[in-house]
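J.: Provide a 3D model corresponding to the input given below.
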Amino acid sequence: MSRPHKILLLDTGNEWGGGTNSLFELLKRIDRRRFDVTCLFYRDYPKGQSSLSQELAAIGIPLRLLPQRQQPWWAKLAKELVRGVFAWHRPLRQRLVKRIEQAWRITPNAEAIAQQLRAGSFDLLYMNNQPRSNLEGYLAAERSGVPVVQHCRIEPLLDAADAAIVNRVAAKVIGVSNGVVEALQAKGVQPEKCVAVLNGIDPQQPLPDGQAVRAQLALQEGEVVIGAVGQLVERKGLRYLLQAVATLLAQQLPLRLLLVGDGPQRAELERLAASLGIADKVLFAGFQPQPLAYTAAMDICVLVSQSEGLPRVLLEAMLLGKPVVASRVVGSQELVADGDSGLLVPYADSAALAEALRALVADQALRQRMGAAGAQRVKAHYTIANYVAGTEAILAGAIAQP
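T.: Residues are numbered from 1 along each chain as shown. Take a look at the predicted model:
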């Protein structure tokens, strides 16, 4: 048998998130006889009490780090000058700031990545997240003559220049949902470059019942637990969830809000809960290395983000038979059949969110019916086996492409 294909996996991210979890599900299952993966990350970022390096070591994937230098004074000064002088012309301002980023950060990183590709005789560069966060990878691969596959895990941010680089260099761009593929094409990525491989979950995994967590958190019998899992950041729209819950509590509905995760917005959200008079009804559980048990403790799972790709949080909640409420954005609106397996609301609309939650809080039979429909939907269309097989096929095809 021929040697496995050598793949350098580039991730330029700063923190552990849903995209990292989906990436790890692939790495745990990828066929090691066909693919020899080495990870190249900029930072050994934490996962609760663990770290990226420890998590990769546990599954036998080697890690290389490419440390990032501090932004030089001249770049910071130049960007401030550009923002001030061209405040009246946003497109020009953005182009000039991007050129400064190219000069001090993207180009040096591209050369360092190119050296890794050449020295390691890699067959493929496989990049995680979205094209704009991986521009140095495209340039590195172009210099090295190595094919590129991009895994786009969120609705992309692209301008015409970004799309031109993708079209010139990428063999394929994988979208985690059909909506992500449509967004890539709308931003100018050539349709023949784009392919959807839907995020998946293991339907055979053992599932917790959530009772131990409910007991641990002293949740009362009869309380409807509304919950959310993820980073506490502005993009997740959690302020609107707090406002919606405050509306329902003012109507004397028996509920608690459980927030699982941590992040820079935690203190602000705690202050907001206090100002709304609902601090005693909101549980901040912090980061949990095994969040599935906390999702199992919920009666309703909420994800009201500004943007998503195809969120693993909702896949997990639906597999557990939980009704979900999500913002009507790319990824979430594809996964959730509105009115069947859950309810969709406009992003940043706390009144609409309160109405959707009220309907579910008041009707246990509706919660059970939507939860069962969601579990059936996930098991039928979003399996981990299809996700891994689809990704492997694209990686192999890109390497074989002349």
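J.: neighbouring contacts of the helix or strand Gly397 falls within?
T.: Using DSSP states H and E, Gly397 sits in helix 384-400. For helix 384-400, contacts defined as CB atoms under 8 Å, 6 or more residues apart in numbering pick out 5, 7, 22, 25-26, 29-31, 34-35, 123-124, 126, 147-149, 151, 171-172, 174, 195, 197-203. The way it works is simple: take the backbone N, C-alpha and C, and place the C-beta from them, glycine included.
J.: now the helices for the stretch 101-250 of the chain?
T.: With DSSP state H, counting those that start in this stretch as the criterion, the stretch 101-250 of the chain has helices at 107-119, 135-144, 160-169, 178-186, 211-216, 238-250.
J.: can you redo those as TSV with mean neighbour count?
T.: Shown next, in TSV, are the helices of the stretch 101-250 of the chain (neighbours: other CB atoms under 10 Å):
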stretch	mean neighbour count
helix 107-119	17
helix 135-144	22
helix 160-169	17
helix 178-186	20
helix 211-216	15
helix 238-250	21
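J.: using TSV, lay out the ones you listed together with distance to Gly261 and mean pLDDT.
T.: Putting the helices of the stretch 101-250 of the chain into TSV (distance: least, CB to CB, whole Å; pLDDT from 0 to 100) gives the following:
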stretch	distance to Gly261	mean pLDDT
helix 107-119	29	97
helix 135-144	28	97
helix 160-169	30	96
helix 178-186	23	97
helix 211-216	15	94
helix 238-250	9	98
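J.: can you tell me which of the ones you listed comes nearest to Arg377?
T.: Closest of those to Arg377 is helix 178-186, at 14.7 Å (criterion: CB to CB).
J.: angle of that closest one against helix 160-169?
T.: Here helix 178-186 runs at 100 degrees with respect to helix 160-169, directions being taken by axes from the mean of the first three to the mean of the last three CA atoms, to 10 degrees.
J.: what's helix 178-186 packed up against?
T.: For helix 178-186, the packing partners by 3 or more CB pairs under 8 Å, 6 or more residues apart in numbering; DSSP states H and E come out as strand 170-175, strand 194-196, helix 332-335.
J.: any idea which of the ones you listed is most buried?
T.: strand 170-175 (a mean of 24; mean count of other CB atoms under 10 Å).
J.: what pairs with that strand, parallel or antiparallel?
T.: Using DSSP bridges, the strands paired with strand 170-175 are strand 148-152 (parallel), strand 194-196 (parallel).
J.: will you turn those strands into TSV that also has distance to Gly210 and mean pLDDT?
T.: Shown next, in TSV, are the strands paired with strand 170-175 (distance: least, CB to CB, whole Å; pLDDT from 0 to 100):
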stretch	distance to Gly210	mean pLDDT
strand 148-152	31	98
strand 194-196	32	98
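J.: dump those strands to JSON lines, plus distance to Gln71.
T.: Shown next, in JSON lines, are the strands paired with strand 170-175 (distance: least, CB to CB, whole Å):
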{"stretch": "strand 148-152", "distance to Gln71": "25"}
{"stretch": "strand 194-196", "distance to Gln71": "33"}
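J.: how about the helices and strands packed on helix 178-186, which one is nearest Gly261?
T.: Among these, helix 332-335 comes nearest to Gly261, with 17.0 Å by CB to CB.
J.: on that earlier part again, which of the helices and strands packed on helix 178-186 sits closest to Val224?
T.: Nearest to Val224 among the helices and strands packed on helix 178-186 is helix 332-335; the distance by CB to CB comes to 21.6 Å.
J.: which secondary structure elements does that closest one contact?
T.: Partner elements for helix 332-335 (3+ CB pairs under 8 Å, 6+ apart): helix 178-186, helix 312-319, strand 324-327.
J.: that older thread, export the helices and strands packed on helix 178-186 to CSV and tack on distance to Ala140?
T.: Listed next are the helices and strands packed on helix 178-186 as CSV, based on distance: least, CB to CB, whole Å:
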stretch, distance to Ala140
strand 170-175, 13
strand 194-196, 22
helix 332-335, 32
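J.: which of the helices and strands packed on helix 332-335 sits closest to Pro208?
T.: Nearest to Pro208, of those and by CB to CB, is helix 312-319 at 10.8 Å.
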